[in-house]
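**Q** Let me see the structure of the following:
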Amino acid sequence: MGVDIVTFGCRLNAFESEVILREAERAGLTDTIVINSCAVTNEAVAQARQSIRRLKRERPSARIVVTGCAAQTQAAMFADMAEVDRVVGNDDKMQGQAWRNARAAFDAAPAFGIGASEKIAVADIMAVREMAPHLLEGFAKGLPRVFVQVQNGCDHRCTFCIIPYGRGNSRSVPMGAVVDQVRALTERGHAEIVLTGVDLTSYGADLPGAPKLGALTKQILRHVPELKRLRISSIDQVEVDRDLLDVIADDARLMPHLHLSLQSGDDMILKRMKRRHSRADAIDFCAQVRRLRPDIALGADIIAGFPTESEEMFGRSQDLVEECGLTFLHVFPYSPRPGTPAARMPQVNGNAIKQRAKRLRATGEAALQKRLASEAGAVRQVLIESPTQGRTEHFLPVAIAGEVPGAVRALTMTGHDGARLFPSPLVGEGGAKRRMRGSLSGQCAG
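**A** Numbers count the residues shown, from 1 in each chain. Modelled structure (predicted):
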């Protein structure tokens with residue numbers, strides 16, 4: 001048997017799992033399961049541990065390697081598990097040498113097993129200062145949508161977040177290398193590219209001249225004119241620059257869908273989280289981008305039950321869904337992460353956290369249903385992902401039948417089933433490269 005990967009967490013982990021698979025196979029590993037873990041919540045760590053135990057029962061002969069953010073921050077815990085054979089650090093996992101070392105360690109392992117300390121191959125992530133591009137030559141052949149990692153790490157220290165200690169400080173891929181990757185993937189037939197990173201809007205601060213994410217998107221769209229669709233993943237709205245707003249307003253190839261790191265709708269909680277925006281800032285930003293791109297779909301991360309959050313404070317987060325006009329909601333029940341300042345703050349009762357998360361999800365579901373209903377009669381450019389599903393520009397799922405994956409089709413929406421839109425028969429194609437009317441000038445304050 002070869003190498004299998006189980007991925008937890010974010011889109012960046014999904015991209016990195018493809019790199020891991022390539023490097024592990026090149027290193028000659030066989031009968032190996034790699035767990036690419038997430039540390040964002042206690043539940044994510046628990047799920048990784050449960051999977052390790054289950055997989056070992058199912059495949060007792062397989063070697064199990066744990067990597068990812070949880071492996072970086074809690075290496076000793078995973079190394080103490082009898083089922084685990086090696087723990088690889090978050091930066092090391094992208095390097096071929098780490099997997100050659102793993103194979104050498106397995107080949108040399110004594111019959112009675114490997115000691116916990118010998119299992120750990122985790123370096124100091126804070127010492128990493130540069131980021132090499134990783135072009136996946138065979139990345140998801142035939143897959144319409146692929147990811148390009150342009151940034152890693154985070155320089156901010158939100159009080160609830162363990163991720164900087166798993167990812168290190170912010171570092172970026174040079175613009176030229178990103179453009180080359182996008183061009184290469186486009187030439188291989190991938191219709192949509194998603195730019196991804198840990199703190200995507202901090203892109204470029206470590207590069208010569210400190211280019212920002214807006215400059216990067218402009219360079220991609222200018223130098224890869226054959227690219228049909230460009231999408232950006234989760235952003236911190238307080239770091240959005242004027243160039244990015246300009247692209248949102250002017251180029252329809254940048255998809256009208258943004259996912260925002262809002263976290264709370266209450267100003268006191270935002271301060272205790274050490275966020276850099278206020279409730280008013282969030283509302284103003286959403287109104288601003290909607291003026292620039294009236295049909296834009298907005299999503300957000302919101303934490304329920306952050307320490308000291310009262311019912312009134314939670315209500316302001318719930319109200320933010322309507323006030324910001326959110327379509328997609330990613331709800332995190334607060335989970336204390338060891339070593340973070342928030343873990344030392346007065347905690348909200350666990351049952352209250354669960355109930356608030358449930359109510360917030362219901363609010364988000366109602367907002368999604370409202371958006372799906374509003375799509376009736378709209379003509380949308382749908383990227384055909386598979387024989388049964390596509391996605392609109394706004395990332396809404398569409399039921400598809402008899403289409404070729406990779407095409408972009410103009411379809412009229414006629415209804416929905418609560419989860420997916422239904423289109424009328426094909427009315428044409430193209431339109432993905434049209435230029436939108438208007439510009440940033442005169443539409444945006446500040």
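
**Q** Can you tell me the SS state at residue 313?
**A** helix (DSSP: H, G, I helix; E, B strand; the rest coil).

**Q** separation between the closest residue to residue 334 other than its chain neighbours and residue 345?
**A** The shortest distance from residue 334 to any residue other than its chain neighbours is 4.2 Å, reached at residue 305 (C-beta to C-beta, 6 or more residues apart in numbering). Bear in mind the C-beta positions are built from the backbone N, C-alpha and C, glycine included. In this view, residue 305 and residue 345 are 12 Å apart by C-beta to C-beta, to the nearest Å.

**Q** In the protein, mark out all the helices, start to finish.
**A** Counting by DSSP state H, the chain has these helices, from start to end: 11-26, 42-58, 69-73, 75-79, 96-108, 116-119, 163-167, 175-187, 213-223, 242-250, 267-273, 279-292, 311-323, 350-374.

**Q** looking at those, which is buried most?
**A** Highest mean neighbour count among the helices of the chain (mean count of other C-beta atoms under 10 Å): helix 69-73, with a mean of 28.

**Q** Give me the distance from that one to the chain's centre.
**A** How far helix 69-73 lies from its chain's middle: 17 Å, per C-alpha atoms, centre = their mean, to the nearest Å.

**Q** So which other helices or strands are in contact with it?
**A** Helix 69-73 is packed against strand 32-37, helix 42-58, helix 163-167, with contacts defined by 3 or more C-beta pairs under 8 Å, 6 or more residues apart in numbering; DSSP states H and E.

**Q** Try it again at 10 Å.
**A** On a contact count with 3 or more C-beta pairs under 10 Å, 6 or more residues apart in numbering; DSSP states H and E, helix 69-73 meets strand 32-37, helix 42-58, helix 75-79, strand 86-88, helix 163-167.

**Q** Which elements pack onto the shortest one?
**A** Here strand 86-88 touches strand 32-37, strand 63-68, helix 69-73, helix 75-79, helix 96-108, helix 116-119, strand 120-121, going by 3+ C-beta pairs under 10 Å, 6+ apart.

**Q** That strand pairs with which strands, parallel or anti?
**A** Neighbouring strands of strand 86-88 in its sheet, by DSSP bridges, are strand 63-68 (parallel), strand 120-121 (parallel).

**Q** any idea which of these scores lowest on pLDDT?
**A** Here the strands paired with strand 86-88 differ in mean pLDDT, and the lowest is strand 120-121 at a mean of 88.

**Q** And that one, how far out from the chain middle?
**A** How far strand 120-121 lies from its chain's middle: 26 Å, per C-alpha atoms, centre = their mean.

**Q** how deep is residue 28 tucked in, by neighbour count?
**A** Applying the criterion other C-beta atoms under 10 Å, we find 11 residues in the vicinity of residue 28.

**Q** That should have said residue 382, apologies.
**A** By other C-beta under 10 Å, 26 other residues sit near residue 382.

**Q** Compare the helices of the chain and say which comes out lowest on pLDDT.
**A** helix 116-119 (a mean of 75).

**Q** Which residue of residue 305 and residue 345 possesses the greater neighbour count?
**A** Between residue 305 and residue 345, counted using other C-beta under 10 Å, residue 305 has the larger neighbour count: 22 against 15.

**Q** Torsion angles phi and psi at that one?
**A** Residue 305 adopts backbone torsions of phi 80, psi 30, taken as degrees, to the nearest 10.

**Q** pretty sure it contacts residue 332?
**A** Yes. The pair formed by residue 305 and residue 332 meets the contact definition of C-beta atoms under 10 Å, at 9.1 Å.

**Q** circling back: could you dump the helices of the chain into JSON lines with distance to residue 419 added?
**A** As requested, the helices of the chain are arranged in JSON lines below (distance: least, C-beta to C-beta, whole Å):
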{"stretch": "helix 11-26", "distance to residue 419": "21"}
{"stretch": "helix 42-58", "distance to residue 419": "24"}
{"stretch": "helix 69-73", "distance to residue 419": "30"}
{"stretch": "helix 75-79", "distance to residue 419": "36"}
{"stretch": "helix 96-108", "distance to residue 419": "39"}
{"stretch": "helix 116-119", "distance to residue 419": "43"}
{"stretch": "helix 163-167", "distance to residue 419": "30"}
{"stretch": "helix 175-187", "distance to residue 419": "29"}
{"stretch": "helix 213-223", "distance to residue 419": "30"}
{"stretch": "helix 242-250", "distance to residue 419": "27"}
{"stretch": "helix 267-273", "distance to residue 419": "32"}
{"stretch": "helix 279-292", "distance to residue 419": "25"}
{"stretch": "helix 311-323", "distance to residue 419": "19"}
{"stretch": "helix 350-374", "distance to residue 419": "8"}
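
**Q** Among those, which comes closest to residue 422?
**A** With respect to residue 422, and counting by C-beta to C-beta, the nearest of these is helix 350-374 at 10.0 Å.

**Q** helices or strands next to the closest one in the packing?
**A** Applying 3+ C-beta pairs under 10 Å, 6+ apart, one finds that helix 350-374 makes contact with strand 297-304, helix 311-323, strand 326-333, strand 408-416, strand 421-423.

**Q** For the longest one, output the C-alpha coordinates as CSV.
**A** These are the backbone C-alpha positions of helix 311-323, laid out as CSV (Å, rounded to 0.1, in the frame of the first residue of the first chain):
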residue,chain,number,x,y,z
GLU,A,311,-26.1,37.2,26.5
GLU,A,312,-26.4,40.9,25.5
MET,A,313,-22.9,40.8,23.9
PHE,A,314,-23.8,37.6,22.1
GLY,A,315,-26.9,39.2,20.8
ARG,A,316,-24.8,41.9,19.1
SER,A,317,-22.9,39.1,17.2
GLN,A,318,-26.2,37.5,16.2
ASP,A,319,-27.4,40.9,14.9
LEU,A,320,-24.3,41.4,12.9
VAL,A,321,-25.4,38.7,10.4
GLU,A,322,-28.2,40.9,9.2
GLU,A,323,-26.4,44.3,9.6
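
**Q** contacting residues around the residue nearest to residue 354 when sequence neighbours are not counted?
**A** Closest residue to residue 354 in three dimensions, ignoring its sequence neighbours and counting by C-beta to C-beta, 6+ apart: residue 333, at 6.2 Å. Residue 333 makes contacts with 41-43, 303-306, 348, 350, 353-358, 360-361, as judged by C-beta atoms under 10 Å, 6 or more residues apart in numbering.

**Q** separation between residue 62 and residue 33?
**A** Between residue 62 and residue 33 the computed distance is 5 Å (C-beta to C-beta).

**Q** who touches both of those two?
**A** Common contact partners of residue 62 and residue 33 (C-beta under 10 Å, 6+ apart): 1, 3-4, 55-56, 83, 85.

**Q** Which among those count as buried?
**A** Of all the shared contacts of residue 62 and residue 33 considered here, the ones buried according to neighbour count by 16 or more other C-beta atoms under 10 Å are 3, 55-56, 83, 85.

**Q** so which of these comes closest to residue 196?
**A** Relative to residue 196, and with distances defined as C-beta to C-beta, the nearest of those is residue 3, at 22.6 Å.
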